[in-house]
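> Mind looking at a prediction? Sequence and model below.
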Amino acid sequence: MNLQENYINLEEAAVYLGIKPATLRSWIKDPDNEVPAHKVGRMWKFKRSEIDEWINSGKSAIV
């Protein structure tokens, strides 16, 4: 894992996933989903490596 990996914001994560930011927000708000998101102040932050792991684990298919 890259220790220098930067966090991306919600809009960048949505582009990375190929979805709309509103869709990603709704996934985060659903307590049954395990979207790898980190709340920093009022903003959501993501690591691409965690998003990739989430997709590869198959958990993203449940959303």
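In hand now; what should we look at?

> Please tell me how far Glu12 sits from Asp32.
Counting by Cβ to Cβ, to the nearest Å, the gap from Glu12 to Asp32 is 24 Å. To be clear about C-beta, it is placed using only N, CA and C from the backbone, and glycine gets the same treatment.

> and these two? which has more neighbours close in?
Neighbour totals were compared for Glu12 and Asp32, and Glu12 leads with 14 against 7 (other Cβ atoms under 10 Å).

> what ranges do the strands span in the chain?
For the chain, the strands defined by DSSP state E cover 8-9, 38-40, 43-46.

> where does Gln4 land on pLDDT?
Note for Gln4: predicted pLDDT of 65.

> oh sorry, the question was meant for Asn33
86.

> Kindly report the same for Ser57.
pLDDT, Ser57: 86.

> and it, how many residues sit next to it?
12.

> gap between it and Ile8?
For Ser57 relative to Ile8 (Cβ to Cβ), the value is 19 Å.

> can you check Glu50 too?
From Glu50 to Ile8 the distance is 10 Å (Cβ to Cβ).

> Ok, Gly41 next?
Taking Cβ to Cβ, one finds Gly41 at 15 Å from Ile8.

> In terms of neighbours, single out the busier of those two.
The neighbour count for Gly41 versus Ile8, taken as other Cβ under 10 Å, is higher for Ile8 (17 against 6).

> hang on, the more buried one packs against Ser49?
No: no contact is recorded between Ile8 and Ser49 when judged using Cβ atoms under 8 Å, the distance being 10.8 Å.

> so where's the protein uncertain?
Applying pLDDT under 70 to the chain flags the ranges 1-4, 61-63.

> Deepest in the core, which of the strands of the chain is it.
strand 43-46 (a mean of 17; mean count of other Cβ atoms under 10 Å).
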